[in-house]
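Chemist: Return a 3D structure for these sequence lines:
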Amino acid sequence: MLSAAKMSTKGQIVIPKRLRDELGLNPGDPLAMAVDGGRLILRKITFDDLIQESRENYDEGKTLSHEETFDGLT
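Modeler: Model prediction:
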């Protein structure tokens, strides 16, 4: 599904309602962003994403405080 939006002077965009509904996005949901070539990719961060990142950090011997683990999600 292709939609268009304009970016505000503050760099903000509005995700059209039909796309929010299709993806189950709600106000306050954390989103991951990445650049792929000339495309910006947005994806909802899930609990499984957080578990996977925690496991990878643990396997690499990295430890994070509670605050670091959830930094940027609140």
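Chemist: is it true that residue 40 lies in a strand?
Modeler: Yes: using DSSP: H, G, I helix; E, B strand; the rest coil, the assignment for residue 40 is a strand.
Chemist: dump the residue contacts of it.
Modeler: Shown in contact with residue 40 (Cβ atoms under 8 Å, 6 or more residues apart in numbering): 33-34. All C-beta atoms are positioned from the backbone trio N, CA, C, and that covers glycine.
Chemist: Could you check how far it is from residue 55?
Modeler: Distance of residue 40 to residue 55, computed by Cβ to Cβ, to the nearest Å: 27 Å.
Chemist: for residue 46, same thing?
Modeler: The gap separating residue 46 from residue 55 is 14 Å, by Cβ to Cβ.
Chemist: and if you look at residue 33?
Modeler: Residue 33 is 22 Å from residue 55, by Cβ to Cβ.
Chemist: Next: residue 16.
Modeler: Residue 16 is 35 Å from residue 55, by Cβ to Cβ.
Chemist: More neighbours: which of those two?
Modeler: Ranked by neighbour count (other Cβ atoms under 10 Å), residue 16 and residue 55 place residue 16 first, with 13 against 10.
Chemist: Please name the nearest non-neighbouring residue to residue 3.
Modeler: Computed as Cβ to Cβ, 6 or more residues apart in numbering, the closest residue to residue 3 that is not its neighbour in sequence is residue 16, at 4.7 Å.
Chemist: just checking, the one you found touches residue 2?
Modeler: No: under the criterion of Cβ atoms under 8 Å, residue 16 is not in contact with residue 2, lying 10.4 Å apart.
Chemist: Residue 68 - that's part of a helix, no?
Modeler: Yes: applying three-state DSSP, one finds residue 68 inside a helix.
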